[in-house]
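Asker: Here is my input; please provide its structure:
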Amino acid sequence: MQHLSAANRNAAVIKRSAVREDSGEPNQETVREANREITHDTGRSAEPGTVAICFVEAALESVRARHLDADQLLISVGLSPSLLQVPQARVSAKHYGELWRLIALTLDDEFFGQDSRRMKSGSFAMQCYALLGCKTLRQALERSLRFYALLLDDISGALVTEGKFAKIVLKERVQNGRHRVFANELLLTMVHGVACWLVGRRIPIARADFCYVEPAHSAEYRVMYSNQLHFNQPHTAISFESSYLDLPVVQDEQTVKDFLRLAPSNFLVKYKNSNSLTARIRRQLRQLLPGELPECETIADELHMTPATLRRRLAEEGESYQSIKDHLRRDLAISYLSHSERSVLDIALELGFAERSAFHRAFRKWTGASPGEFRRSLRE
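Answerer: Residues are numbered from 1 along each chain as shown. Reported below is the predicted structural model:
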């Protein structure tokens with residue numbers, strides 16, 4: 001049995017009723033309700049996402065290049081610098097969002113020093129307000145990309161339509177023969193995240209191309225962008241169905257205030273790749289916690305496919321059923337340890353572990369630290 005998330009249900013509501021028949025303008029009560037539902041996702045508390053430690057390290061590079069105290073910034077948002085020494089460590093989206101904002105304020109650069117020209121603090125908010133005047137996603141994307149072209153010197157984007165698909169294509173001015181991977185990731189994240197928010201739903205990415213060699217953290221891209229990843233391409237680009245360009249902009253000056261108050265943590269993981277089989281299974285398993293998670297055969301039966309087909313399709317997405325269970329438990333554990341005072345035993349039981357020791361072993365495998373060590377590292 002396939003469950004449809006509240007976010008997807010409300011995306012359909014937006015598309016049907018976000019425009020009043022009498023005026024042709026957005027029905028803002030519908031928009032506000034959908035925004036609330038999208039935030040809460042499946043009807044429970046919103047499923048927490050986590051961010052790989054490599055993105056924390058990348059965000060801090062320009063801080064260190066300017067001989068500023070990167071460790072103090074981490075401590076200021078409740079993260080221990082020692083986490084950077086653990087390659088498999090992850091942080092909550094909330095922590096990463098707070099660090100993002102603090103780095104931008106410290107550098108007075110919302111592009112984290114990734115361009116030879118600073119994107120001064122307040123630029124992102126000004127762009128969001130400027131996009132409210134657009135009628136459709138096409139107009140909004142074209143205006144957004146022009147905005148970044150005015151602000152940045154070394155990287156820019158263009159909207160290209162090719163039949164059934166549209167592309168956001170980035171062009172980078174390469175210096176010293178090296179591509180700026182984080183600059184490409186950052187611009188794609190901001191453009192796609194804001195675009196999704198403007199129309200009140202995720203815009204599924206059919207294919208993602210990158211102008212650089214496959215990075216060590218490329219597994220994260222399957223969640224961030226798409227299962228169809230291609231490296232060493234002429235340009236970085238994301239492709240999506242061109243029909244999305246006709247969707248109406250449904251946000252207003254009230255909803256933009258709420259959006260900016262929580263940005264960027266509210267779009268860093270909210271608009272991840274939610275249409276994959278991996279995401280569908282993850283949502284289904286989330287509904288079953290607390291409690292023991294079913295075997296692969298049970299989930300396959302509920303999705304009306306054989307276990308062999310399920311395993312094959314997950315393998316095509318670079319996942320396995322066990323990895324989905326592990327990643328869901330890992331992300332929930334990190335969220336609970338970071339943002340609640342619940343005991344380690346309570347968290348272990350919530351996540352379906354019969355014994356505290358089993359949870360300790362699993363968490364150490366996921367993050368390189370025990371639950372207690374991880375929680376203490378956040379408070380050091």
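Asker: and stretch 134-149, which residues are buried?
Answerer: By neighbour count with 16 or more other CB atoms under 10 Å, stretch 134-149 contains the buried residues 134, 136-138, 140-141, 144-145, 147-148. Any C-beta I mention is one placed from the backbone N, CA and C, and that applies to glycine too.
Asker: okay, these in a markdown table with pLDDT next?
Answerer: Listed next are the buried residues of stretch 134-149 as a markdown table, based on pLDDT from 0 to 100:
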| residue | pLDDT |
| --- | --- |
| Cys134 | 98 |
| Thr136 | 98 |
| Leu137 | 98 |
| Arg138 | 98 |
| Ala140 | 98 |
| Leu141 | 98 |
| Ser144 | 98 |
| Leu145 | 98 |
| Phe147 | 97 |
| Tyr148 | 98 |
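Asker: Identify the farthest-apart pair in those residues.
Answerer: With CB to CB as the measure, no two of the buried residues of stretch 134-149 lie farther apart than Thr136 and Tyr148, at 19.0 Å.
Asker: For the stretch 251-380 of the chain, which segments count as strands?
Answerer: In the stretch 251-380 of the chain, no strands are found when defined by DSSP state E, counting those that start in this stretch.
Asker: got it, and the stretch 1-150 of the chain?
Answerer: 50-52, 90-92.
Asker: Might you calculate how far the last one sits from the centre of the chain?
Answerer: What that stands for is strand 90-92. Taking CA atoms, centre = their mean, to the nearest Å, one finds the center of strand 90-92 at 12 Å from the center of the full chain.
Asker: which residues sit against that strand?
Answerer: With contact meaning CB atoms under 8 Å, 6 or more residues apart in numbering, strand 90-92 is reached by 48-53, 56, 79, 83, 99, 330-331, 334-335, 338-339, 366-367.
Asker: what about 6 Å?
Answerer: 50-52, 334-335, 338 (CB atoms under 6 Å, 6 or more residues apart in numbering).
Asker: What mean pLDDT does it get?
Answerer: For strand 90-92, the mean per-residue pLDDT is 87.
Asker: what pairs with that strand, and is each one parallel or antiparallel?
Answerer: When pairing is defined by DSSP bridges, strand 90-92 lines up against strand 50-52 (antiparallel).
Asker: give me the low-pLDDT residue ranges for this protein?
Answerer: 1-48, 270-275, 318, 379-380 (pLDDT under 70).
Asker: Show me how it divides into domains.
Answerer: 108-268, 277-379 (automatic domain parsing).
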